[in-house]
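A.B. asks: Sequence plus the predicted model coming up.
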Amino acid sequence: MIRSMTIVACLTLSACAVPIMVPAPAPAPDPEPIDAPQSAKARFVTSVAANGCALTSANTDVIMADAVLSREDLARVMTELRAEGRGEIDGAAFRVTSGVCA
């Protein structure tokens, strides 16, 4: 009995002495660079371009949420774009006429 316990103890200790190959942790991926915040006008133009180049009553809420604009911001941006010649009112829609929508 003592002999078998001695053998088990020796085997246990020898198992602890064997080096275990543990892989090194993988390096963490570099975080994505944060783009500089765009102006309200740039966000609006990008959002309208992604939604068919026109702001209609059907997509107003989607564009406002995507561009993070309030109703007041939306009115101001549309007025500025129209004054700059980069947007026009076409019936019941506001069309962006610059950039990818030209």
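C.D. replies: Received the coordinates, thanks. Just so it is clear, the structure is predicted and the values come from calculations on it, not from any experiment.

A.B. asks: Every contact and neighbour count from this point should use C-alpha atoms.
C.D. replies: Will do.

A.B. asks: name the element residue 32 belongs to?
C.D. replies: For residue 32, there is no enclosing helix or strand under DSSP states H and E.

A.B. asks: what's the answer for the one 3 residues further on, then?
C.D. replies: Following DSSP H and E, there is no helix or strand that holds residue 35.

A.B. asks: Let me see the contact set for the residue lying closest to residue 85 once chain neighbours are set aside.
C.D. replies: Using CA to CA, 6 or more residues apart in numbering and skipping residues adjacent in sequence, the residue nearest residue 85 is residue 97, 7.8 Å away. With contacts defined as CA atoms under 8 Å, 6 or more residues apart in numbering, residue 97 is in contact with 53, 85-88.

A.B. asks: hmm, try it at 10 Å
C.D. replies: 45, 49, 53-54, 81-82, 85-88 (CA atoms under 10 Å, 6 or more residues apart in numbering).

A.B. asks: Wait, a strand at residue 94?
C.D. replies: Yes. Using DSSP: H, G, I helix; E, B strand; the rest coil, the assignment for residue 94 is a strand.

A.B. asks: Could you check the pLDDT of residue 38?
C.D. replies: The score at residue 38 is 85. That number is its pLDDT.

A.B. asks: so where's this structure uncertain?
C.D. replies: 1, 10-11, 13-20, 36 (pLDDT under 70).

A.B. asks: thinking again about what came up before, if you rank the contacts of residue 97 by neighbours, which is first?
C.D. replies: Per-residue neighbour counts (other CA atoms under 10 Å) across these peak at residue 45, which has 27 neighbours.

A.B. asks: separation between that one and residue 100?
C.D. replies: 9 Å (CA to CA, to the nearest Å).

A.B. asks: what touches both of these two?
C.D. replies: By CA under 10 Å, 6+ apart, the residues touching both residue 45 and residue 100 are residue 53.

A.B. asks: if I look at residue 40, how far off is residue 78?
C.D. replies: Residue 40 is 10 Å from residue 78, by CA to CA.

A.B. asks: higher neighbour count, the two?
C.D. replies: Between residue 40 and residue 78, counting by other CA under 10 Å, residue 78 is the more crowded of the two (22 against 16).
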